[in-house]
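Colleague: Please find the sequence and the predicted model below.
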2 protein chains.
Amino acid sequence: MAGNHDLSTLVHECADCPIRHRAVCARCESDELARLEQIKYYRSYQAGQTVIWSGDRMDFVASVVTGIATLTQTMEDGRRQMVGLLLPSDFVGRPGRTTAAYDVTATTDLVMCCFRKKPFEDMMTATPHIAQRLLEMTLDELDAAREWMLLLGRKTAREKIASLLAIIARRDASLKLRSAKGNIVFDLPLTREEMADYLGLTLETVSRQMSALKKDGVIELEGKRHIIVPNFDALMEETGDDSDGGFLV
Amino acid sequence: MAGNHDLSTLVHECADCPIRHRAVCARCESDELARLEQIKYYRSYQAGQTVIWSGDRMDFVASVVTGIATLTQTMEDGRRQMVGLLLPSDFVGRPGRTTAAYDVTATTDLVMCCFRKKPFEDMMTATPHIAQRLLEMTLDELDAAREWMLLLGRKTAREKIASLLAIIARRDASLKLRSAKGNIVFDLPLTREEMADYLGLTLETVSRQMSALKKDGVIELEGKRHIIVPNFDALMEETGDDSDGGFLV
DNA sequence: TTCTTCGGTTGATCTGCATCAAGGCAGATC
DNA sequence: GATCTGCCTTGATGCAGATCAACCGAAGAA
């Protein structure tokens, strides 16, 4: 029954997860913690493995511990659109709904901390803070989705790529340290095709724009995936967003 | 202190609103109702008027009573993307945030039922069902936003138009009756430009595709705004979605 | 070793939608 | 009545990104 309580942010640190479950309450009383410990379990997935298919019965909710997962929608003729990128600490699943609305896929090796839905819902009823915390998180996700609508509807291919890189850089930078020179350095967790699915582009266009950003010195590439951002502001310039941040977390 | 309680759907009918506030609780105890009555007030806006600007201080949450409002994001160079369409009974505003994230505009004459944020938040804390109901609604909105991401990222102009018409037809049909012949008939609440902002298109393309759908007999047009859908299934065919519904509410 | 596969790059060409431009119609104002 | 303004339509043209296609290099597998 270890686990720290971060009262200020209403976040609960799971006993043996390396990261916080952002989903899970909240001014923790130790008996709530104990209940959480009892109903949780872990699942691992290999890179490329499907966690759940759209339409499948989904009797758990979960929080990403390590690795990256994606939410994707597919049209009958095969057109695909990614609608969510799940990084460590992100929450999946929907209390009150029994089937999955999207394909959930592990793009890297993935560990999730799961809670069976029924006990989790019971806990939500018993512990009002959990519903409030979930509401807060869902509103954040809604904001992010709407930001993404602007990207999909109105940004150019170059702006789309820059925006995606900026998001990943920012999320990643909050976990890791910067390189000695103050550069932001990270590994792309997505293939060119996955990037395309996220951005509403083709993989060829993604590849071309990556090359263009490299040629223009906005990013440096080592191999296919390792990205160096020498100047984050210069990258932000390319996103088309107002300079003052915009994208959340 | 009139107001019916619809316990099954956790919806509260406002005493003098003609419609339900979907936002507002929830296995109503009459003293909760009384509190709600005390903190609510009404505001009217004319068509075209801005309810609130992105970045402004927003010290209320609200529910649309009559009319239609939109949520819009604008880039520095003027590119605009609508990210939400608020029909009667939809909820605006975000407990726990003090500034508006989007421009909210009345596209028709609009009446909103408002609650000052602080008392509303207090009530949320005191009445757990409200948070749960809000969570439910927010998750629905998130699903709708993700559906829209698919539209913006992957659908053709024709599919986009058909999808928008299908959504409005469906929302509208649930309020009104069908015409004698079983057609769905409604008035477009948006200008061509607003449709374009919603769909990530230009107004010219919207106009052209509307003409094309008319030429192909998918819709009939009386004047610019009055739409007749002789065969809803035929319209759904054009959306690119799986036949079984897809779009929510 | 060679062959295959997977992820990625780059070139040539095509096309759907944007852009630029002209005009039409209905309702308001003078 | 004439004129204006807001909303819409239609045509001509341009271009960003899609599509089709060839090829590259690295990592396995035979």
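Modeller: Looks like it came in fine. Numbering: from 1, shown residues only, chains lettered A, B, ... in the order given.
Colleague: Indicate whether stretch A:218-225 makes contact with DNA strand C.
Modeller: Yes - contact of stretch A:218-225 with DNA strand C (Cβ under 7 Å from any atom of the strand) involves A:221, A:224-225. Backbone N, C-alpha and C define where each C-beta goes, glycine included.
Colleague: Would you mind measuring the gap between the ends of that stretch?
Modeller: By Cα to Cα, to the nearest Å, the extent of stretch A:218-225 from end to end equals 15 Å.
Colleague: Give me the buried positions along that stretch.
Modeller: Neighbour-count burial for stretch A:218-225 flags A:218-219 (criterion: 16 or more other Cβ atoms under 10 Å in any protein chain shown).
Colleague: for the residue most central in space within chain A, what are its contacts?
Modeller: Chain A has residue A:86 as the residue nearest its centroid, 2.6 Å off, counting by Cα atoms, centre = their mean. Shown in contact with residue A:86 (Cβ atoms under 8 Å, 6 or more residues apart in numbering or on different chains): A:64, A:68-71, A:92, A:104.
Colleague: Reformat those as JSON lines; add neighbour count, secondary structure and distance to DNA strand D.
Modeller: Below are these laid out as JSON lines (neighbours: other Cβ atoms under 10 Å in any protein chain shown; DSSP: H, G, I helix; E, B strand; the rest coil; distance: Cβ to the nearest atom of the strand, whole Å):
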{"residue": "A:64", "neighbour count": "23", "secondary structure": "strand", "distance to DNA strand D": "25"}
{"residue": "A:68", "neighbour count": "21", "secondary structure": "coil", "distance to DNA strand D": "20"}
{"residue": "A:69", "neighbour count": "26", "secondary structure": "strand", "distance to DNA strand D": "22"}
{"residue": "A:70", "neighbour count": "21", "secondary structure": "strand", "distance to DNA strand D": "18"}
{"residue": "A:71", "neighbour count": "21", "secondary structure": "strand", "distance to DNA strand D": "20"}
{"residue": "A:92", "neighbour count": "22", "secondary structure": "strand", "distance to DNA strand D": "28"}
{"residue": "A:104", "neighbour count": "25", "secondary structure": "strand", "distance to DNA strand D": "24"}
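Colleague: which of those come close to chain B?
Modeller: Among those, the ones lying near chain B by Cβ under 8 Å from any Cβ of the partner chain are residue A:71.
Colleague: How much space separates residue A:60 from residue B:121?
Modeller: When distance is defined by Cβ to Cβ, to the nearest Å, residue A:60 is 31 Å away from residue B:121.
Colleague: so residue A:200 touches residue A:159, yeah?
Modeller: No - Residue A:200 lies out of contact with residue A:159 (Cβ atoms under 8 Å); the separation is 12.0 Å.
Colleague: So which of the two has more stuff around it?
Modeller: Using other Cβ atoms under 10 Å in any protein chain shown, the more surrounded residue of residue A:200 and residue A:159 is residue A:200, with 25 against 19.
Colleague: what is the mean pLDDT for the longest helix that chain A contains?
Modeller: Using DSSP state H, we find that the single longest helix of chain A is helix A:128-154. In this model, helix A:128-154 has a mean pLDDT of 89.
Colleague: returning to that earlier point: now tabulate the contacts of residue A:86 in TSV and tack on distance to DNA strand C and pLDDT.
Modeller: TSV is the format used below for these (distance: Cβ to the nearest atom of the strand, whole Å; pLDDT from 0 to 100):
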residue	distance to DNA strand C	pLDDT
A:64	21	86
A:68	14	92
A:69	16	94
A:70	14	96
A:71	19	97
A:92	23	90
A:104	18	96
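Colleague: For chain A, list the residues in contact with DNA strand D, please.
Modeller: So far as Cβ under 7 Å from any atom of the strand goes, chain A lies against DNA strand D at A:156-158, A:200-202, A:204-205.
Colleague: Buried among these? Make that a PyMOL selection.
Modeller: Typed into PyMOL, the next command selects the buried ones out of these (criterion: 16+ other Cβ under 10 Å):
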select buried, chain A and resi 157+158+200+201+205
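Colleague: would you list the residues of chain A next to DNA strand D in a markdown table and tack on distance to DNA strand C and secondary structure?
Modeller: Compiled in a markdown table, the residues of chain A next to DNA strand D are given as follows (distance: Cβ to the nearest atom of the strand, whole Å; DSSP: H, G, I helix; E, B strand; the rest coil):
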| residue | distance to DNA strand C | secondary structure |
| --- | --- | --- |
| A:156 | 10 | coil |
| A:157 | 12 | helix |
| A:158 | 14 | helix |
| A:200 | 12 | coil |
| A:201 | 12 | coil |
| A:202 | 9 | coil |
| A:204 | 4 | helix |
| A:205 | 8 | helix |
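Colleague: So which of the contacts of residue A:86 is the closest to chain B?
Modeller: Chain B has its nearest neighbour among the contacts of residue A:86 in residue A:71, at 7.5 Å by Cβ to the nearest Cβ.
Colleague: returning to that earlier point: for the residue nearest to the centre of chain A, list each beta-bridge partner.
Modeller: Legend: beta-bridge partners of residue A:86 under DSSP bridges are residue A:69.
Colleague: Quick one: end-to-end distance for stretch A:98-105.
Modeller: End-to-end distance of stretch A:98-105 (Cα to Cα): 18 Å.
Colleague: need the contact list for the closest residue to DNA strand D within chain A.
Modeller: Closest to DNA strand D within chain A is residue A:205: 3.1 Å, counting by Cβ to the nearest atom of the strand. Residue A:205 makes contact with A:157, A:196, according to Cβ under 8 Å, 6+ apart.
Colleague: Next, count neighbours for residue A:57.
Modeller: By other Cβ under 10 Å, 8 other residues sit near residue A:57.
Colleague: Next, it: phi, psi?
Modeller: Here is the backbone geometry of residue A:57 (degrees, to the nearest 10): phi -70, psi 130.
Colleague: swap in residue A:155?
Modeller: According to degrees, to the nearest 10, the main-chain angles of residue A:155 amount to phi -90, psi 150.
Colleague: For it, which non-adjacent residue is spatially closest?
Modeller: Nearest residue to residue A:155 in three dimensions, chain neighbours excluded: residue A:240, at 5.6 Å (Cβ to Cβ, 6 or more residues apart in numbering or on different chains).
Colleague: roughly how far apart are the residue of chain A closest to DNA strand D and residue B:115?
Modeller: Relative to residue B:115, residue A:205 is positioned 46 Å away (Cβ to Cβ).
Colleague: any low-confidence regions in chain A?
Modeller: Within chain A, the stretches with pLDDT under 70 are A:1-37, A:173-182, A:243-249.
Colleague: Quick one: the helices in it, in order.
Modeller: Applying DSSP H to chain A gives helices spanning A:30-39, A:117-126, A:128-154, A:157-175, A:192-199, A:203-215, A:232-239.
Colleague: With residue B:215 as the reference, name the closest of those helices.
Modeller: The closest of the helices of chain A to residue B:215 is helix A:128-154. By Cβ to Cβ, the value is 26.1 Å.
Colleague: Mind giving me the packing neighbours of that closest one?
Modeller: strand A:80-86, helix A:117-126, helix A:157-175, strand B:69-74, strand B:80-86, helix B:117-126, helix B:128-154 (3 or more Cβ pairs under 8 Å, 6 or more residues apart in numbering or on different chains; DSSP states H and E).
Colleague: so can I have TSV of these showing distance to residue B:111?
Modeller: As requested, the helices and strands packed on helix A:128-154 are arranged in TSV below (distance: least, Cβ to Cβ, whole Å):
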stretch	distance to residue B:111
strand A:80-86	33
helix A:117-126	34
helix A:157-175	37
strand B:69-74	10
strand B:80-86	12
helix B:117-126	18
helix B:128-154	20
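Colleague: Out of those, which gets nearest to residue A:149?
Modeller: When these are compared by Cβ to Cβ, strand B:80-86 sits nearest residue A:149, at 4.9 Å.
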